[in-house]
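# Sharing a model that was predicted from the sequence below.
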Amino acid sequence: GDSVTQMEGPVTLSEEAFLTINCTYTATGYPSLFWYVQYPGEGLQLLLKATKADDKGSNKGFEATYRKETTSFHLEKGSVQVSDSAVYFCALGTSGGSNYKLTFGKGTLLTVNP
Amino acid sequence: NAGVMQNPRHLVRRRGQEARLRCSPMKGHSHVYWYRQLPEEGLKFMVYLQKENIIDESGMPKERFSAEFPKEGPSILRIQQVVRGDSAAYFCASKQGGQNYNEQFFGPGTRLTVL
């Protein structure tokens, strides 16, 4: 079945450091790929997405490129801020029957210190 | 412009009791998903509902769990005779449309603790 494996946390960085959170996936067909972010006490918010191979999703300085050859969708940001502290989830989406289903990784806790 | 609302935010039950979790989707959304997040795990799909219909319940445990999304009112996830292993965060998400991708908007979750 479909699965997502992402880098285990926690990840602790200093402000302005470079961030990479690795994500790889297994899926049949041609999934879309997503990164969600969860701030403390809140629900998940869509951060960025890519719907086909070689697409790059970007938002708020974060980027991820859909790499079909390596089945990866690594999240990067050049200079993190304290406000980026959150849990980040990689997910894939597939259509099956009458449902469009999301499959999530376990999440990576990022803490950014001033 | 309220988002997805879930209540209660925290729920404590003793083994054998019933838990009822509520989800009010965003205005204009007629599709609801329920997910469960066990400790140290990612979110796992449970059930997908449209108003008055269960579309996909392939992620629901076969026993004790049920879900509904009536014509009026919130979606309800019901867990009967709870056990300690049911302790988890339960997230609801809503979206506008059907089969094709529409962004799912998530609620803040209900954290269930079974004593």
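Thanks, I have it. Numbering: from 1, shown residues only, chains lettered A, B, ... in the order given.
# for stretch A:82-99, which positions count as buried?
A:84-94, A:99 (16 or more other CB atoms under 10 Å in any protein chain shown). Where C-beta positions appear, they are placed from N, C-alpha and C, glycine not excepted.
# Might you specify the subset of these located within strands?
Judged by DSSP state E, strands contain the following of these: A:86-94, A:99.
# Need the three-state assignment for the closest residue to B:Gln96 other than its chain neighbours.
For B:Gln96, ignoring the flanking residues on the chain, the nearest one in space by CB to CB, 6 or more residues apart in numbering or on different chains is B:Asn102 at 5.0 Å. Under the three-state scheme (DSSP: H, G, I helix; E, B strand; the rest coil), B:Asn102 adopts coil.
# Okay, strands next: where are they in the chain?
Went with chain A since none was named. Under DSSP E, chain A gives strands at A:3-6, A:11-14, A:19-21, A:23-26, A:32-38, A:44-50, A:56-59, A:62-65, A:75-77, A:86-96, A:99-104, A:108-113.
# hm, I was asking about chain B
Taking DSSP E as the criterion, chain B carries its strands at B:5-7, B:10-13, B:19-24, B:31-37, B:43-50, B:53-56, B:65-68, B:75-79, B:88-95, B:105-106, B:110-114.
# Buried residues in the first one, which are they?
Read it as strand B:5-7. Those would be B:5-6, for strand B:5-7 by 16+ other CB under 10 Å.
# Now find how far off-centre that strand is within its chain.
10 Å (CA atoms, centre = their mean, to the nearest Å).
# Give me the sheet partners of it and which way each runs.
Sheet pairing of strand B:5-7 (DSSP bridges) gives strand B:19-24 (antiparallel).
# Could you list the low-confidence segments of chain A?
A:97-98 (pLDDT under 70).
# if you set the cut-off to 90 instead, what comes out?
A:1-2, A:7-9, A:28-30, A:40-44, A:94-102 (pLDDT under 90).
# Contact residues of it facing chain B?
Taking CB under 8 Å from any CB of the partner chain as the contact definition, chain A meets chain B at A:4, A:32, A:36, A:41-46, A:51, A:89, A:93, A:95-107.
# Please report the distance of the residue nearest the centre of chain B from chain A.
Per CA atoms, centre = their mean, the C-alpha nearest to the average position across chain B is that of B:Trp34, at 3.5 Å. Distance of B:Trp34 to chain A, given as CB to the nearest CB, to the nearest Å: 12 Å.
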